[in-house]
Structures are given as structure tokens and as C-alpha cells.
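[1] Structure of the sequence below:
(chains A and B)
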Amino acid sequence: MAMAFGVLATQTGLSFLQAGAMSLIVYAGASQFAALGLLAGGASALAIILATLVLNFRHFLMSVALSRRLSLPPMLGFGITDETFVVASLNDRLTPAFFLGLALTAYLAWLSGTLIGAGFSSLIPPVISRGMGVALYAMFIAILLPGIKKSWINGIVAAAGALLAWGASLLLPGLPSGWRIVLAILVASAFGAIIGPSDQSAEDAS
Amino acid sequence: MIWVMIVGMCIVTFVPRIIPLILGRDLLLPSWIRRWLSFFPYAALGSLIFPGILSVVEGKPWIGVAAGACAALLALKARNAIFPVLAAIAVAVGLQLLTGA
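    Predicted coordinates:
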């Protein structure tokens, strides 16, 4: 994933330093890929920053959910990503030390992967860099499946989220993809909360 | 312009992540909100996977679907994400080569 980002970033016209800096200080996979897409489409810096803010609203919600379970030093909030949040959420014995280790591992992997990808991008043929684009989705799928095995409701909620995001892309094509995802998360989760068995403890995953 | 974008993205990414942690314990939420929040990771994963996976290879949405299905099958057995991810990349690259990309 990170290598895919590094490769795509330099192919989009970012320098090695810019690609690395983005992973170093922005550190948000989906937003970084979205920024490359927008940049390739000729969007302004302001539009890209606004799209990032919208796309990152989910991190705010994830941070709220994590703060329910443990008290983390606020600086560690930097390490909240889709991946670390999901792994942390699914861990039954979540401690600040576990989160620190998880966040640090994910961060270093992301940063080093970006640098390797950006450094070697000229050597990688486009057919492989496009193939690497699928890595992000494969990882989301690999994280999602254990949750579905744990409870079918989680699978229904994920399917509802996918349907809503897809429906929104067809019905509201003017809506930026960040908003579509926020909308899908809010509605699909509400749906799960309504149809889910009431005895399923919210503490399980919140 | 790219540096402005990177610094701006840094700020709008960092601030929403830390605010709830600063408020932390003072942020008491009713149980229905906690229940709602508990489904966020699954809803987020679902909407991040689909329909985005269709656009991995421009004009050939089925390649993303096939690679994703392969990842899903392997993820049922695998203990971590690395194996399904590598297999999905291999499928995506292989299918592009087979269909003459």
C-alpha cells in the first residue's frame, strides 16, 4: 500500500521529498491517495485540503470511539488510521501500550514503504503499480472478515455501508467521495444499531 | 503549491484525531451513541472497499472484484493480512497481463 502510494505519488509529479513528507506529516492513507487523484485532475491546494478534512471526519469519530475505551496521550491521536482503529477496536484487551506499538509499527511501515516506492518508482512498470492499487482494498477485506465471522450484524453493516456509498456515488455524483463515505458510515451504523440484538454489548467494539 | 497542500492536509488530519483524546473522559456519551459508534469500523470498511475497488484498473472493474474475492477467500484462513494482500496484487497484475494491458 505504502509502496503503491510512493510509486503513484512520483508518477503524479510529486518529488521524492514531497511524497516522503506527505507520509511523514499527513499520514492518512485514503486521503493521500485521494489527494493524488485530485492533483492529477488539476484541483487546487485549497480544494484538496477541504476534501482531506471531509475524508478525515471519520478519524474524529474513530478517535471518539477509542477515547471511550482507554485514555491515550493526545499526541497518539496522530496514529489513528482506518487500519490501527479497526485492529484496536477488535482487540479485547486494549491498552495504551498496545496502541502505541500498533501505531508505531503502522507508521514506520507506511513511511518506509512510501520512500521505497518513491525511490524505485521509475523501475516499476505501470501494470504492476496499478496492480498495487488493489492492496489497499485487499487489506480492508482481510481486516473486515474476522469481524463478520464474529457477528453477522457486522457483515450486514459493512454491506449497508458499501451499498450506501455506491448509491450515493450514483445518485449524488456532485458529492465529494469523502462526504459519501461519512454519510454511509453514519447511516449504516445507525441501521446496525437499530436492527442488532439489543443484548450485544456496545462495549465489545466501541 | 504542493507544499501548501501537504501542510494544510497535515493540519486538517491531525486536529480531528486529537480533539476527542484531549476531551477524553469528560466526553460522556449515552449508550445509544456508544452502540452506534461500535458499528463504525464495519460501516467504514464496507464503504471504503466498495465501490472504490471497481476503479483499481480503469475501465476493467472486474479485475478489482476478482482480486478482492481472492483476498476474501484467503482472509478466511489467514491469520494476518499480508498473504491475502500479496495474492490480490498478484491476481490484479496477472489479469491485466492476460487481458493485454
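[2] Tell me if I'm right that residue A:98 and residue A:91 touch.
    Yes. Counting by C-beta atoms under 8 Å, residue A:98 touches residue A:91, with 6.5 Å between them. Backbone N, C-alpha and C define where each C-beta goes, glycine included.
[3] Any idea which helix or strand in chain B has the lowest mean pLDDT?
    None of the helices or strands of chain B scores lower by mean pLDDT, DSSP states H and E than helix B:31-38, at a mean of 80.
[4] what sits against the residue positioned nearest the centre of chain A?
    By C-alpha atoms, centre = their mean, chain A has its centre lying nearest to residue A:82, at 3.7 Å. The contact partners of residue A:82, by C-beta atoms under 8 Å, 6 or more residues apart in numbering or on different chains, come to A:29-30, A:58, A:62, A:140, B:44-45, B:48.
[5] distance of it from residue A:21?
    Look at residue A:82 and residue A:21: by C-beta to C-beta, to the nearest Å, they are 21 Å apart.
[6] swap in residue B:95?
    Computed as C-beta to C-beta, the residue B:95 to residue A:21 distance reads 34 Å.
[7] where's the residue nearest to the centre of chain A relative to residue B:7, distance?
    Counting by C-beta to C-beta - residue A:82 and residue B:7 are separated by 22 Å.
[8] can you check residue A:47 too?
    15 Å.
[9] Show me how the record splits chain A into domains.
    A:2-133, A:151-206 (automatic domain parsing).
[10] Quick one: closest of the ones you listed to residue B:14.
    Residue B:14 lies closest to domain A:2-133 among those, at 6.1 Å (C-beta to C-beta).
[11] Could you tell me the end-to-end distance of that closest one?
    10 Å (C-alpha to C-alpha, to the nearest Å).
[12] repeat for stretch A:36-52
    Terminal-residue distance, stretch A:36-52 (C-alpha to C-alpha): 11 Å.
[13] Which positions in it come out as buried?
    Residues of stretch A:36-52 classed as buried: A:36, A:38-39, A:43, A:45, A:48-52 (neighbour count, 16 or more other C-beta atoms under 10 Å in any protein chain shown).
[14] for the residue nearest to the centre of chain A, phi and psi?
    phi -50, psi -40 (degrees, to the nearest 10).
[15] Can you report how many residues lie near residue B:23?
    13 (other C-beta atoms under 10 Å in any protein chain shown).
[16] Now residue A:159: closest residue in space, sequence neighbours ignored.
    Spatial nearest neighbour of residue A:159, chain neighbours left out: residue B:46 (6.0 Å); criterion: C-beta to C-beta, 6 or more residues apart in numbering or on different chains.
[17] Now the helix ranked longest in chain A: average pLDDT?
    Counting by DSSP state H, the longest helix found in chain A is helix A:96-120. The average pLDDT for helix A:96-120 rounds to 93.
[18] Need the residues that contact it.
    A:1-10, A:14, A:16, A:19-20, A:22-24, A:27, A:29, A:66, A:70-73, A:76, A:78-81, A:83-84, A:87-88, A:91, A:124.
[19] Return the subset of those residues lying in helices.
    A:2-10, A:16, A:19-20, A:29, A:66, A:83-84, A:87-88.
[20] what about chain A, any weak spots by pLDDT?
    For chain A, the stretches flagged by pLDDT under 70 are A:177-178, A:198-206.
[21] Now do the strands in it.
    Read by DSSP state E, chain A holds no strands at all.
[22] nearest to residue B:71, of the domains of chain A?
    Per C-beta to C-beta, nearest to residue B:71 of the domains of chain A: domain A:2-133, 12.6 Å.
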